[in-house]
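Trainee: No sequence on hand, only this structure:
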């Protein structure tokens, strides 16, 4: 979104916070002329292509996202990220005004003398149509299922040369990615193009979810908050409530409804429920996740799982009389020889104290094992075993910024090398 914002500020694209499919007549005329000159008349439909959105909540006050000048080629951009985003926009707007691609699709069924059947589906591109844009922009366009079959005839006898056997199991639904989450929000009528990016950044910043390989994985706090809201505020966290509220707010903005009755209808019952739950619920209902089966080594009471600021931990059920607590598991860190490191050196501020690895709000750090008597800490440098390619003196270490992982030089600020990608992986 920030890259699209820069393209918009430079005047290269139209307003980008929209999901409209509309294109101005003037631009469509220029785009058709460009297609005819660049690709040829056979790529040009007899009439302009127009599209309609299926979304009831589409914001169509603006045009669809498009280049302001169809003659401004993506190759003119020097910034790599800006070039990628602009190429997508440029590519789509050209493709939507071109003829469809034509395929020759064939299905072949091979029967064996033991009554087994094997089926193969093949496709051959007869006319590339809008696929020609990818070649024009030197982009790779993946085509699923395009398998070229040899020429075959009915009742022809074929010889089995090889057979690959693959066993497949039913897989659970995939976790949401940025794109699939936004698609689901659109289907449910929740949110708008201008709110999708802030929604995703909020659930990451508040640590309701973390990202693993581009997919969202819920944290413990997400389960606790969701279960609490569903149990005590089922009408508020309902999908239909959110979609209906979005619709009411749109009608208020369009002077079709008065805002006071709409807000009163929601807030009057909500205020009563909120006051009631404020008296009924205690902090224990939120933080206590159940018993662990272990005994407190200091007072003998049961240890319980609790949810704290930095995640789950074990705490004495006799709190606050007994303040014993411990993390669920100690993090293992390996040294250069692959052996587990028990400590990270002696603490300079107390006797018999050693630094141990801990995990806090801003990631891993080293702290004295005599905490809370000794509160000495120091940063933990997670190395990847590579020298800095810029200064050739410092080590490349893993860092965090706004919930994202990046790689930088250990000599910062003397060396300002940084990269979003692991520089050790080519």
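Mentor: In hand now; what should we look at? These numbers come from a predicted model, not from an experiment. Residues are numbered from 1 along each chain as shown.
Trainee: Looks to me like residue 399 is in a helix.
Mentor: No. Counting by DSSP: H, G, I helix; E, B strand; the rest coil, residue 399 is located in no helix; its state is strand.
Trainee: Count the residues that sit near it.
Mentor: 17 (other Cβ atoms under 10 Å). For every residue, glycine as well, the C-beta is placed using N, CA and C.
Trainee: In contact with it, which residues are there?
Mentor: Applying Cβ atoms under 8 Å, 6 or more residues apart in numbering to residue 399 gives the contacts 405, 406, 407, 408, 418.
Trainee: list the contacts for the nearest residue to the fourth one once chain neighbours are set aside?
Mentor: Put plainly, it is residue 408. Distance criterion Cβ to Cβ, 6 or more residues apart in numbering; nearest residue to residue 408, sequence neighbours excluded, is residue 418 at 4.3 Å. If a contact means Cβ under 8 Å, 6+ apart, then residue 418 has 399, 406, 407, 408, 409 as its contacts.
Trainee: Check these and tell me the two furthest apart.
Mentor: 406 and 409 (11.4 Å; Cβ to Cβ).
Trainee: more crowded one of the two?
Mentor: Neighbours per residue, other Cβ under 10 Å: of residue 406 and residue 409, the larger number sits with residue 409, 23 against 14.
Trainee: and the nearest residue to residue 219 once chain neighbours are set aside, how many neighbours?
Mentor: For residue 219, ignoring the flanking residues on the chain, the nearest one in space by Cβ to Cβ, 6+ apart is residue 207 at 5.6 Å. Neighbour count for residue 207, taken as other Cβ under 10 Å: 16.
Trainee: One more: residue 326?
Mentor: Counted with other Cβ under 10 Å, residue 326 comes out at 14.
Trainee: Thought residue 308 was touching it, still the case?
Mentor: No. Using Cβ atoms under 8 Å as the test, residue 326 is too far from residue 308 to be in contact (11.8 Å).
Trainee: contacting residues around the spatially most central residue of the chain?
Mentor: In the chain, the residue lying closest to the centroid (Cα atoms, centre = their mean) is residue 178, at 3.4 Å. Counting by Cβ under 8 Å, 6+ apart, residue 178 touches 200, 214.
Trainee: Please repeat the previous calculation with a cut-off of 10 Å.
Mentor: Going by Cβ atoms under 10 Å, 6 or more residues apart in numbering, residue 178 touches 196, 197, 200, 211, 214, 215, 216.
Trainee: Can you select the buried ones from those residues in ChimeraX?
Mentor: Applied in ChimeraX, the following selects the buried portion of these according to 16 or more other Cβ atoms under 10 Å:
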select :196,197,200,211,216
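Trainee: Now, the contacts of residue 178 that are in strands?
Mentor: Secondary structure from DSSP state E places 211, 215, 216 of these in strands.
Trainee: Residue 168: which of these is nearest?
Mentor: Closest to residue 168, out of all of the ones in strands among the contacts of residue 178 and judged by Cβ to Cβ, is residue 215, at 20.7 Å.
Trainee: can you give me the strands for the stretch 51-200 of the chain?
Mentor: Secondary structure of the stretch 51-200 of the chain, counting by DSSP state E, counting those that start in this stretch: strands at 102-111, 117-127.
Trainee: And the contacts of the shortest one?
Mentor: With Cβ under 10 Å, 6+ apart as the test, strand 102-111 has contacts from 116-129, 143, 145-152, 154, 156-158, 160.
Trainee: List the buried residues of it.
Mentor: Buried-residue list, strand 102-111, by 16+ other Cβ under 10 Å: residue 103.
Trainee: Determine the angle, from 0 to 180 degrees, between it and strand 117-127.
Mentor: Relative orientation of strand 102-111 and strand 117-127, computed by axes from the mean of the first three to the mean of the last three Cα atoms, to 10 degrees: 160 degrees.
Trainee: Show me what strand 102-111 pairs with in its sheet, parallel or antiparallel.
Mentor: If you go by DSSP bridges, strand 102-111 pairs up with strand 117-127 (antiparallel).
Trainee: Settle this for me: residue 118 is touching residue 165, isn't it.
Mentor: No. Using Cβ atoms under 10 Å, residue 118 makes no contact with residue 165, being 11.8 Å away.
Trainee: more neighbours, the two?
Mentor: Taking other Cβ under 10 Å, residue 118 and residue 165 do not tie; residue 118 has more neighbours (12 against 4).
Trainee: Give me the pLDDT value at that one.
Mentor: Residue 118 is assigned a pLDDT of 89 by the prediction.
Trainee: For it, give me its contacts.
Mentor: Under the criterion of Cβ under 10 Å, 6+ apart, the neighbours of residue 118 are 108, 109, 110, 111, 112, 158, 160, 163.
Trainee: With residue 375 instead?
Mentor: Neighbours of residue 375 in contact, by Cβ under 10 Å, 6+ apart: 349, 350, 367, 368.
Trainee: how close does the first one get to residue 370?
Mentor: When distance is defined by Cβ to Cβ, to the nearest Å, residue 349 is 9 Å away from residue 370.
Trainee: joint contacts of these two?
Mentor: residue 376.
Trainee: the more surrounded of these two?
Mentor: Applying other Cβ under 10 Å to residue 349 and residue 370 shows that residue 370 carries more neighbours, namely 17 against 11.
Trainee: and the closest residue to that one other than its chain neighbours, how many neighbours?
Mentor: What sits nearest to residue 370 in space, not counting adjacent residues and going by Cβ to Cβ, 6+ apart, is residue 353, at 4.5 Å. Using other Cβ under 10 Å, residue 353 has 19 other residues around it.
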